[in-house]
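**Student:** I'd like to go over a predicted model; first the sequence, then the structure.
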Amino acid sequence: MVEEQKQKQQRFRETIQRQREKLPIYASKDELVAHIEQNETVIILGETGSGKTTQIPQFVYERMMTMKKENKNNNTEFESNFPPRKEKGTMVAVTQPRRVAAVSVAKRVSQEIGDGGKLGDLVGYGIRFDDCSSEQTRIKFFTDGMLLREALNDPLLSRYGAILVDEAHERTLQTDFLLGTLKAIQEKRRMNILEKDDDNDNNNNNNKRKKRKKRPPPPPLKLIIMSATLDASSFSDFFDACPIIYIKGRTFPVETYYLKEPEEDYIDAALCSVMQINEDEKDIKGDVLVFLTGQEEIESLGKLLTQRGKDTYPQLNVVLLFAAMPAEEQMKVFEETPKGTRKIVLATNIAETSLTIPGIRYVVDTGLTKMRTFKAKSGVEELKVVPIARSQATQRCGRAGREAPGKCYRLYTEDTMFSLAEQVVPELLRTNLAGVVLMLKAMGVNDVLTFPFIDKPSTEGLLRSLELLYSLGALDDKGELNKIGRQMSKFPLEPMACKCIIESRNQKCTEEIVAILAMLSTENVFVGRTIQVAKHKTGDHMTLLNLYADYSKVSRNGKKKWCNSHGVSFRAMNKAEKIKEQLSRSIGHIEDWDEDEEKDEEREGEEKEEKQEKENKSVRIRKALTAGFFMNAAKKESISDGSGGGSNSMFVTLIGGNRLFVHPSSTTFHKFSSRETAKEAVGISSSYIIFNELIRTNKLYARDVSVIEGEWLTEFGSRVFGTQR
DNA sequence: GAGCACTGC
C-alpha cells in the first residue's frame, strides 16, 4: 500500500518534470543562469506561456544550492559571485502585483520542486493577512507591497540573496516603488561588501571593524526583473544598462480585425460584432470576451444581448464580470456553457490581467478603459474613459489565443491603433504620492526628491505631499519625520487616515476610528444602489461605524445571511473585519501608545456623566476624523434657494476652492439635496463637511461625507487654518 | 434627482 503510494508520487513527479522540460524557457536555462550569475541585475522579457514565473525562481534557487555545495569543496569560487550565507542572503523572493497570483504560483512551484514538503516548507508565500512560510522556506512569493513593508523593518532585505520582480511592465505603484527601493538596496549592499573586503585586506583593524566582521553584511543582491512587453529599455537604463534576455512564449495565433471607419457608438458596435461572430462562426466552439469600461454599460449591453440572443444559434449565454459584483456571480464566468449556447462575457479590464477565463476564442475590444488620475495642483482625482495603450490592446488580444487560435475584433481603425500611446502611464505618475513619501521618510530616505524612481514623479507632486505631511504634523520644521510621523508610517493606510488614528487616542475613540477606517478601505460595502441600513444623522462615517457594529453582533454563521438581507457585501465586511484587526495589532506595536492611554483614563475620571459622554461620542469621533481630513473640508455655498428645491447643494472646498457636490452614494445626499438646509436636516448648526475623497466623473463629487463644526478645523488643522477663522 | 475601472499594504 505504502509502496503503491510511493510509485504514484514518483509518477506524479515525473509528469511534472516532463511538463517543465517542455516549457519554452527550459531550452534557455543554462544561458539564463549564466547571465544571472554574471550580472547583478538581469531583465527577462518572457512572453505569455514561456514559463518564466514558475521556472526562473527554481533555476535561481537550484543554482544557489549547487554553489553552496561547490563552496564546501572549494572555498573561493562563489565568494565573490553568488554567495549564499547561513543566515543572510539565503532566500529567494518573488513578487507579484496581485495576491491570487502570489498564492497560486507558490502552490505550483511547491508541487514542482518535489521536496516532498507542503506549501510553507521550502516554498511559501506572504500576502496581507496570510503568511504561509516557515524557518525552512527558501523561495517565498510576495505581493510587491508586502515586500515593501518588509523593507521597512529590514532596510537591506538581508534575508534575500536574489529578488525576482514579476510583471514589472504593469508599472503599478508598488512595483515601481519596490524597484527604486531595490536599486538603493543593491547600492548599499555593494558598499558593505567593499567595506568587508577592505577588512580582509587590512589586518590592522580597529575594534569597530572587527565587530562588523563578526556579523557579516548581506551579500550583493541579485535582481531579476521579469516583464512581458517588448519595451524594456527603460528598465535597463535604470539598472545601469543591464542585459535584457528574450524568452519566446507559447500561445496560439490571433487574427486581428479593425473597423474601416471610426464608430462612435461602441456599445452598438459591440452588439453587432457579437451577433456577427455568433452567426459567422456558428459551427466553431468558442466563447466571446468583450472589453467595456464600466458596470453601467456592461449591464445595459447585457440586457440587449440577452434579448437579441434568445433566438440565435448557438443561443447566447451572457455573463457579466466586474469587480464590484458579488463573488458568487463572478464565479459564473468559470462555468462551462451549456451545449448549443455560446458564452458571451462582458467585462471591465478585470479580465485583462486579474482573471483568466477559459474557453475564450473571440475578443471584442472597444479600445477604451476607465482610468483614475490625480492632479497634484488641485488635489482632485478624475475617473475618465480614455483610450487604452497599445500594450493593453495586445494584452486584450492575447486573451483569445490561450487555448486555440483565436480572433480579435477591434472596434477602432488601424490608424487609431497606431495613434495609441505605447505604454500605460505608470501609476506613480498619476497618483497621490503622500503615502509613498511617508514610507520613504520612514525608510530613512530624507531627500525624497532624489530617490531613484524609474520615472520621476513631478517635483510639484512630491512637494505637495511633503506639505500635506507637514500640515498633518508628521514632519518637523526641517522636514524630518517626527514621532507622530513615525507612528503614522506603521499603518497600511494613507497618511490622512493614519493621522485620525493618532488623534483618536486623545479623543478616546480609537476602536471606533479604526472600524471606520477599515470600512473606508473596503470598496463597495453596499451592494444595491439604495442603502438599506440605518443612516446616521451626521453622515457616512457614523453610518459605516454603526453598520460595522451591527455586523459584529451577528453570530459568525449568520453573518453572510445578515449581509444579504441588509444589502451589504459580505466580502467587504469580512475584509473590513480583517483590516480592523490588523490596524489594532499595529497600534499594539506602537511603544508608548498605552502610556498615553493611561493618562487619558486619568482624565476620564474628571469627565461628566456617562450619558453626556455617550452623546459626545459622535463628536469625538468626527473630531478625530477632522484631525486627519481637514484638508478635505468644504463649506456649503449660500445660494438663494428659492427655486432650487430638489437640486443637490453645492459645496466649496476651503483649500483650493473647488466647487463640488455630495456623491449620490452618500447617506447625506438626500439631506443636502432636499429643500432643507444642512442645519435643519442634520440638527447641527453647521454647514461644514469633511469627506474622504474628491473625484471627478461627470461632476466633481465628494465621497464619504460627514458634517463637522467649523471651529474644529482651526483646532486640528492649525498648520493650514491657523490664522484665519 | 442621480452614480463608483482595477489592484495593493
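**Tutor:** Thanks, I have the structure now. Please read all numbers here as calculations on a predicted model, not as lab measurements.
**Student:** separation between the nearest residue to A:Thr137 once chain neighbours are set aside and A:Glu511?
**Tutor:** Distance criterion Cβ to Cβ, 6 or more residues apart in numbering; nearest residue to A:Thr137, sequence neighbours excluded, is A:Gly124 at 4.1 Å. Glycine gets a C-beta too; all of them are placed from N, C-alpha and C. Going from A:Gly124 to A:Glu511 by Cβ to Cβ, to the nearest Å gives 33 Å.
**Student:** which one of those two is surrounded by more residues?
**Tutor:** Neighbours were counted for A:Gly124 and for A:Glu511 using other Cβ atoms under 10 Å; A:Gly124 has more, 24 against 15.
**Student:** what secondary structure does that one sit in?
**Tutor:** strand (DSSP: H, G, I helix; E, B strand; the rest coil).
**Student:** isn't it right next to A:Phe142, touching?
**Tutor:** No. Checked against Cβ atoms under 8 Å, the pair A:Gly124 and A:Phe142 is beyond contact range at 9.8 Å.
**Student:** list the buried residues in stretch A:404-424.
**Tutor:** By neighbour count, and taking 16 or more other Cβ atoms under 10 Å as the criterion, the buried residues in stretch A:404-424 are A:406-413, A:416-417, A:420, A:423-424.
**Student:** and what about A:Met67, helix, strand or coil?
**Tutor:** With three-state DSSP as the criterion, A:Met67 reads helix.
**Student:** ok, now A:Glu112?
**Tutor:** helix.
**Student:** and it, how many neighbours does it have?
**Tutor:** By the criterion of other Cβ under 10 Å, A:Glu112 has 18 neighbours.
**Student:** contacting residues for it?
**Tutor:** By Cβ atoms under 8 Å, 6 or more residues apart in numbering, A:Glu112 lies in contact with A:16, A:20, A:54, A:58.
**Student:** so for the helix or strand hosting A:Asp176, what's the average pLDDT?
**Tutor:** Taking DSSP states H and E as the definition, one finds A:Asp176 inside helix A:173-201. Averaging pLDDT along helix A:173-201 yields 82.
**Student:** same check on stretch A:247-258?
**Tutor:** Stretch A:247-258 comes out at a mean pLDDT of 92.
**Student:** can you give me the buried ones in that stretch?
**Tutor:** A:247, A:249, A:251, A:254, A:256.
**Student:** quick one: pLDDT of the nearest residue to the second one once chain neighbours are set aside?
**Tutor:** Counting by Cβ to Cβ, 6+ apart, A:Glu47 is the residue found nearest to A:Gly249 once chain neighbours are left out, at 2.5 Å. The score at A:Glu47 is 85. That number is its pLDDT.
**Student:** equivalent analysis for A:Asn698, please.
**Tutor:** A:Asn698 carries a pLDDT value of 90.
**Student:** for A:Glu613, same thing?
**Tutor:** pLDDT, read off for A:Glu613, is 66.
**Student:** follow-up on the earlier one: of the buried residues of stretch A:247-258, which belong to strands?
**Tutor:** Judged by DSSP state E, strands contain the following of these: A:247, A:254, A:256.
**Student:** residues touching the closest residue to the second one other than its chain neighbours, list them.
**Tutor:** I take that to be A:Val254. If you skip the residues right next to it in sequence, A:Val254 has A:Gly401 as its closest partner in space, 4.2 Å away by Cβ to Cβ, 6+ apart. A:Gly401 makes contact with A:251-254, according to Cβ under 8 Å, 6+ apart.
**Student:** what's the answer for A:Leu321, then?
**Tutor:** Per Cβ under 8 Å, 6+ apart, neighbours of A:Leu321: A:298, A:330, A:333, A:345-348, A:350-351, A:355, A:357.
**Student:** can you put these in a markdown table and add distance to A:Asp477, secondary structure and pLDDT?
**Tutor:** Putting these into a markdown table (distance: Cβ to Cβ, whole Å; DSSP: H, G, I helix; E, B strand; the rest coil; pLDDT from 0 to 100) gives the following:
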| residue | distance to A:Asp477 | secondary structure | pLDDT |
| --- | --- | --- | --- |
| A:Ile298 | 51 | helix | 96 |
| A:Gln330 | 50 | helix | 91 |
| A:Val333 | 55 | helix | 93 |
| A:Val345 | 56 | strand | 97 |
| A:Leu346 | 55 | strand | 97 |
| A:Ala347 | 51 | strand | 96 |
| A:Thr348 | 46 | coil | 95 |
| A:Ile350 | 46 | helix | 94 |
| A:Ala351 | 50 | helix | 95 |
| A:Leu355 | 49 | coil | 89 |
| A:Ile357 | 55 | coil | 93 |
